[in-house]
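Trainee: coordinates for the following, if possible.
(one chain, ligands or ions: 1)
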Amino acid sequence: MSDSDASALTSRALAAIGQAQTEGELGRIEVEYLGRKSGHVSRLLSNIGQLPAAEKAALGKAANETKRFIEAALAARRAELDASRLADLAETEAIDVTFPGPPLGRGHIHVLTQIRRQIETVLESLGYQVELGPEVETEWYNFEALNLTAGHPARESWDSFYFSPDLLLRAHTSPVQIRAMQSIKDPPIYIITPGRVYRRDPPEATRLPYFSQVEGLAVDNGLTVGDMKGTLLYMIQSLYGRERKVRIRPSYFPFTEPSFEFDVSCGICGGVGCKSCRHKGWLEVGGCGMVHPQVLRNGGIDPTQWNGYAWGFGIERMAMLKHDVDDIRLFYEPDLRFLEQF
Ligand code: PHE
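Mentor: Okay, here's the model as predicted:
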């Protein structure tokens, strides 16, 4: 082999390397020229043994140079291909942080929260203040202080979840009446207490083991059933429209005397009777009554000086009446087809 053989080999290799477009092609060229057994450079050296000593050295040197040239050219081309692959990637996978994102649907307030806020707004306009109480309540506040002494048969209406004999998930918002009287102390007291309550009822179309109530309590001088009914009427008409009527029917609660259920005239038939109100013309909303003197006393208020009225109703029930929904469970299920209607 002469120098010119070596340089011819070098220029052939460099040309091939210059044209290679992929790492794969470069790999094949590398084997073709530098492969140990049958690469062109190895073959140049294959008959080195028969050469005279002086030529041996020259050939060895030329072959080494060729090898180094080719290796350098391969490395340079690899670097080039790498750089252009990265440049392509930067182009195709670039993230333009200024590009507007896909439109996100805007959420809205849950229908139960909407109704609760409406109720609060209406009653606040009459001078009522929102008072909150704990959901984990003592036996005394949930029952005893409300005249529901141990063994009282009416306790069965509030079948409750107990943590211990003295501690339970409150079964109604009425315990907040007592807490409010104790903390405010001096009448007049006008408060509403929205909040979650819990009862041992299996989930059905009309009841759930948890739901929300709004309690109202007024303690003042010489309040009458008429004041209470007028307040409920104002609230109902503000929420549902001026054409609605309210009626109260005698009932029983241990913490009010006298006690009533209050109904709202059906919005669909106007009170004549239809399928929606099961032909009654009226829809049951909640309970109410004049605060029992013993309950005032338990709240630290002198019943010879003051009297009061109170009511309690379910927010879900109000929402069902307002939107003609016939299954309470829908409010707590994540079905957007239902929830997005409101
Ligand atoms: N606490 C009663 C209930 O949960 C409702 C009520 C409240 C009745 C206030 C009268 C007065 O059913």
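
Trainee: tell me the SS of the residue in the stretch 101-250 of the chain that the ligand sits nearest to?
Mentor: The minimum distance from the stretch 101-250 of the chain to the ligand, using Cβ to the nearest ligand atom, falls at H172 (3.3 Å). C-beta coordinates here come from the backbone N, C-alpha and C atoms, glycine included. Secondary structure of H172, reduced to three states by DSSP: H, G, I helix; E, B strand; the rest coil: coil.

Trainee: okay, now it: neighbour count?
Mentor: Burial measure for H172: 25 neighbouring residues, criterion other Cβ atoms under 10 Å.

Trainee: helix, strand or coil for the nearest residue to it once chain neighbours are set aside?
Mentor: Leaving aside its sequence neighbours, H172 sits nearest to V197 (Cβ to Cβ, 6 or more residues apart in numbering; 5.3 Å). At V197 the chain is in strand, as set by three-state DSSP.

Trainee: my read is that V197 contacts S212, right?
Mentor: Yes - with contact defined as Cβ atoms under 8 Å, V197 counts as touching S212 (7.0 Å).

Trainee: burial count for S276?
Mentor: Residues lying near S276 (other Cβ under 10 Å) number 15.

Trainee: residue contacts, it?
Mentor: Contacts for S276 (Cβ atoms under 8 Å, 6 or more residues apart in numbering) come out as 266, 268-269, 324.

Trainee: closest one to E65 out of the residues you listed, please.
Mentor: Minimum distance to E65 across the contacts of S276 is 93.6 Å, recorded for D324 (Cβ to Cβ).

Trainee: got a pLDDT number for the nearest residue to that closest one once chain neighbours are set aside?
Mentor: Using Cβ to Cβ, 6+ apart and skipping the chain neighbours, the partner closest in space to D324 is S276 (6.4 Å). The model reports S276 with a pLDDT of 81.

Trainee: cool, and A58?
Mentor: Among the per-residue scores, A58 shows a pLDDT of 84.

Trainee: which SS class is it?
Mentor: Assigned by three-state DSSP, the conformation of A58 is helix.

Trainee: identify the residues contacting G273.
Mentor: Contacts of G273 were listed using Cβ under 8 Å, 6+ apart, and they are 266, 279-281.

Trainee: ugh, wrong one, P209
Mentor: Contacts of P209 were listed using Cβ under 8 Å, 6+ apart, and they are 161, 198-203.

Trainee: kindly report the same for F338.
Mentor: When contacts are counted by Cβ under 8 Å, 6+ apart, F338 touches L330.

Trainee: now do the helices in the stretch 151-300 of the chain.
Mentor: With DSSP state H, counting those that start in this stretch as the criterion, the stretch 151-300 of the chain has helices at 175-184, 225-240, 293-298.

Trainee: next, format these as a markdown table and append mean neighbour count, distance to T138 and mean pLDDT.
Mentor: Supplementary listing: those in a markdown table, determined by neighbours: other Cβ atoms under 10 Å; distance: least, Cβ to Cβ, whole Å; pLDDT from 0 to 100:
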| stretch | mean neighbour count | distance to T138 | mean pLDDT |
| --- | --- | --- | --- |
| helix 175-184 | 22 | 8 | 97 |
| helix 225-240 | 18 | 28 | 97 |
| helix 293-298 | 19 | 13 | 98 |
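
Trainee: of all these, which one comes closest to A8?
Mentor: The minimum distance between A8 and the helices of the stretch 151-300 of the chain falls on helix 225-240, with 98.1 Å, by Cβ to Cβ.

Trainee: most neighbours among the contacts of G273, which one is it?
Mentor: Tallying neighbours with other Cβ under 10 Å puts C266 at the head of the contacts of G273, with 23 neighbours.

Trainee: where does the stretch 51-200 of the chain have low pLDDT?
Mentor: In the prediction, the stretch 51-200 of the chain carries no residues with pLDDT under 70.

Trainee: and the strands in it, which stretches?
Mentor: For the stretch 51-200 of the chain, the strands defined by DSSP state E, counting those that start in this stretch occupy 129-130, 136-138, 162-164, 167-169, 189-198.

Trainee: select, out of the ones you listed, the one closest to G230.
Mentor: In terms of Cβ to Cβ, the element of the strands of the stretch 51-200 of the chain nearest to G230 is strand 189-198, at 13.6 Å.

Trainee: what angle sits between the closest one and helix 225-240?
Mentor: Relative orientation of strand 189-198 and helix 225-240, computed by axes from the mean of the first three to the mean of the last three Cα atoms, to 10 degrees: 60 degrees.

Trainee: strands paired with strand 189-198, and their directions?
Mentor: Partner strands for strand 189-198, per DSSP bridges, with pairing direction: strand 129-130 (parallel), strand 210-220 (antiparallel).

Trainee: circling back: I'd guessed the residue of the stretch 101-250 of the chain closest to the ligand sits against S212; true?
Mentor: No - counting by Cβ under 8 Å, H172 sits too far from S212 to count as a contact (11.0 Å).

Trainee: many thanks, I have nothing further to ask.
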